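Participant: the sequence isn't on hand, but the structure is:
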């Protein structure tokens with residue numbers, strides 16, 4: 001220790017610069033490095049006695065609990081030696097925190113081991129995001145955030161609810177402002193699209209896409225209404241669509257006892273959109289439609305009120321010829337395993353045994369009628385002349 005309390009022992013001109021706790025000093029320049037000369041503070045470091053008394057001034061760190069430093073000052077020894085909102089720890093010559101433009105005196109006054117007080121959130125070099133602490137003003141936070149303070153005085157960057165401010169005006173009519181972290185979105189309400197800033201969303205003409213399946217469509221702002229053509233269509237989807245009325249299904253399930261196809265020469269009822277078809281007792285199913293040339297063989301069942309398939313057990317070319325002859329064709333190929341997609345587990349005919357000369361399938365031998373099976377194996381034909 002150079003000085004132990006002698007009056008003005010610390011003196012720059014004499015080359016006796018004092019360290020922490022040494023005194024007596026008169027000016028900051030009497031202290032080494034970044035230390036400063038305190039006031040009546042030596043008894044913090046020493047007991048009364050010798051040259052020490054309560055009026056002695058000792059060198060001390062510039063930053064202390066009693067005299068916390070401002071931004072860019074050091075050497076600090078802890079966060080509590082910096083003013084509120086600042087932290088201790090950045091190198092005093094780190095230009096990432098202390099630019100030469102804002103802190104021109106840093107270089108030359110401090111060395112690389114000196115720690116200075118710095119702002120974790122600073123509009124000039126490190127703007128903070130959500131819940132990051134130690135901002136001093138809104139500019140210290142990223143766009144979309146503001147500097148908030150809780151009941152304990154803690155300052156932090158919080159999300160700006162733009163929808164409570166200008167967002168609702170920016171979104172305009174027929175749009176809902178949705179706040180997000182650091183920003184916001186404008187979402188068009190149902191029935192509207194094509195958002196334009198400050199104007200909002202425009203009406204969608206839903207009728208342009210024929211949502212009513214060929215029925216009358218009435219467009220209005222924010223929605224539309226289908227006027228369905230009864231009795232072939234009925235309103236569905238809360239008035240936003242027209243659903244086909246399956247007259248054949250109503251007859252099959254006995255919801256209606258009005259037979260759509262009372263003519264026994266065309267007993268088969270087959271539904272199609274907006275209507276139905278009355279077809280022959282024996283028809284061919286192909287791709288969802290009834291045909292007379294190619295497809296899986298199906299036969300109308302009067303009691304079940306529906307078409308049931310013919311099983312392909314021992315189904316041969318002679319059997320296929322008979323099925324095709326009924327439709328006016330002289331030649332045929334057979335298909336198996338529900339080749340055209342008609343799959344059921346109840347069969348109108350099982351094990352058909354034709355010689356090839358019969359007028360129709362009912363003239364052939366049949367192992368069983370109206371039989372249940374666990375697999376779908378429908379017989380089919382490809383008719384030609």
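Facilitator: Great, that's in hand. Every value quoted in this text rests on a predicted model; they were computed, and no experiment measured them.
Participant: helix or strand for residue 170, which one?
Facilitator: Remark: residue 170 resides in helix 167-171, with elements defined by DSSP states H and E.
Participant: in the helix or strand following that helix, what counts as buried?
Facilitator: Where DSSP H and E defines the elements, the next helix or strand beyond helix 167-171 is strand 175-180. Neighbour counts using 16 or more other C-beta atoms under 10 Å place 175, 177, 179 of strand 175-180 among the buried residues. All C-beta spots, glycine's among them, are computed from the backbone N, C-alpha and C.
Participant: cool, stretch 367-375 as well?
Facilitator: Neighbour counts over stretch 367-375 (16+ other C-beta under 10 Å) mark residue 371 as buried.
Participant: contacting residues around that stretch?
Facilitator: Outside of stretch 367-375, the residues within contact range by C-beta atoms under 8 Å, 6 or more residues apart in numbering are 301, 308, 311, 313, 345-353.
Participant: distance between that stretch and the chain's centre?
Facilitator: Offset of stretch 367-375 from its chain centre (C-alpha atoms, centre = their mean, to the nearest Å): 51 Å.
Participant: so what's the model's average confidence on that stretch?
Facilitator: When pLDDT is averaged along stretch 367-375, the result is 92.
Participant: one more: stretch 79-88?
Facilitator: According to the model, stretch 79-88 has a mean pLDDT of 89.
Participant: helices and strands of this protein: which one has the lowest mean pLDDT?
Facilitator: The weakest-scoring helix or strand in the chain, judged by mean pLDDT, DSSP states H and E, is helix 106-109 (a mean of 71).
Participant: which strands border the host helix or strand of residue 370, and is each parallel or antiparallel?
Facilitator: Using DSSP H and E, residue 370 sits in strand 365-372. Paired strands of strand 365-372, with direction, are strand 346-353 (antiparallel) (DSSP bridges).
Participant: hmm, who's touching the partner strand?
Facilitator: 298-299, 301, 304, 308-311, 313-315, 319, 361, 364-373, 378-379.
Participant: got the contact list for the top helix by length along the chain?
Facilitator: Identified as the longest helix of the chain according to DSSP state H is helix 317-325. With contacts defined as C-beta under 8 Å, 6+ apart, helix 317-325 is touched by 282, 284, 297, 310, 330-334, 352-356, 358-361, 363-364, 379-383.
Participant: of those residues, buried ones?
Facilitator: Listed as buried from these are 282, 284, 297, 310, 332, 334, 352, 354, 358, 361, 364, 379-383; burial here means 16+ other C-beta under 10 Å.
Participant: all strands of the stretch 101-250 of the chain, in order?
Facilitator: Secondary structure of the stretch 101-250 of the chain, counting by DSSP state E, counting those that start in this stretch: strands at 115-118, 145-149, 155-159, 175-180, 183-188, 192-196, 200-203, 216-220, 223-227, 233-236, 241-244.
Participant: now stretch 45-61: average pLDDT?
Facilitator: Averaging pLDDT along stretch 45-61 gives 87.
Participant: mind showing which ranges of the stretch 1-150 of the chain have poor pLDDT?
Facilitator: Applying pLDDT under 70 to the stretch 1-150 of the chain picks out residues 1, 107-108.
Participant: are we agreed that residue 255 is in a strand?
Facilitator: No. Under DSSP: H, G, I helix; E, B strand; the rest coil, residue 255 falls outside any strand and is assigned coil.
Participant: please list all residues in contact with it.
Facilitator: Counted by C-beta under 8 Å, 6+ apart, residue 255 has contacts residue 249.
Participant: also residue 334?
Facilitator: Residues near residue 334 by C-beta under 8 Å, 6+ apart: 315-317, 319-320, 379-382.
Participant: let's see it at 10 Å
Facilitator: Neighbour list for residue 334: 297, 312, 315-321, 323, 379-382 [criterion: C-beta atoms under 10 Å, 6 or more residues apart in numbering].
Participant: and of those, the nearest to residue 34?
Facilitator: Distance to residue 34, by C-beta to C-beta, is smallest for residue 380 among the contacts of residue 334, at 98.3 Å.
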